[in-house]
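Engineer: Below are the sequence and a predicted model for it; my questions follow.
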Amino acid sequence: MRCVIARYPFELTRDGVLASMAGVKPELVTGDSVTIGRRRYPVKQVGEVITRQDRRDFSGGEVTRAMARLGFTCHARPEAVPPSAPAARTPLQIASELLGSPDAQDA
């Protein structure tokens with residue numbers, strides 16, 4: 001498949017991408033990512049390996065579009081972990097608050 005990444009044309013194939021990424025250790029995923037084989041790689045790392053260009057020369061969107069067209073599964077940026085709900089108050093704590101107990105100030 002012919003695609004343009006960072007204003008340069010590339011002829012990419014699914015097998016070629018798999019061969020290029022074989023033996024490459026995935027970096028920590030903090031943004032968009034793509035699953036190649038059994039591993040999940042950041043799109044910028046994949047773009048750097050398959051194009052041999054500096055990561056600053058292309059956008060993640062260019063690589064994501066190319067990988068999606070080749071049939072790889074692309075993932076959006078991982079969502080932040082939602083804050084946990086505050087611990088449920090016990091009936092004793094609720095009663096203490098209602099009665100104005102000095103212990104209620106600490107709860």
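Structural biologist: Great, that's in hand.

Engineer: Identify the spatial nearest neighbour of residue 57, chain neighbours not counted.
Structural biologist: What sits nearest to residue 57 in space, not counting adjacent residues and going by Cβ to Cβ, 6 or more residues apart in numbering, is residue 6, at 4.3 Å. Backbone N, C-alpha and C define where each C-beta goes, glycine included.

Engineer: Residue 12 now?
Structural biologist: With Cβ to Cβ, 6+ apart as the criterion, residue 12 has its nearest non-adjacent residue at 5.5 Å, and that residue is residue 1.

Engineer: Enumerate every residue touching the one you found.
Structural biologist: By Cβ atoms under 8 Å, 6 or more residues apart in numbering, the contact set of residue 1 is 11, 12, 13, 66, 69, 70.

Engineer: Please enumerate the helices of the protein.
Structural biologist: Ranges of helices in the chain, per DSSP state H, are 14-21, 43-51, 60-69, 91-99.

Engineer: For the third one, list every residue counted as buried.
Structural biologist: Which is helix 60-69. Buried residues in helix 60-69, counted by 16 or more other Cβ atoms under 10 Å: 60, 62, 63, 64, 65, 66, 67.

Engineer: One more: the second one?
Structural biologist: Buried positions in helix 43-51, judged by neighbour count with 16+ other Cβ under 10 Å: 43, 44, 45, 46, 47, 48, 50, 51.
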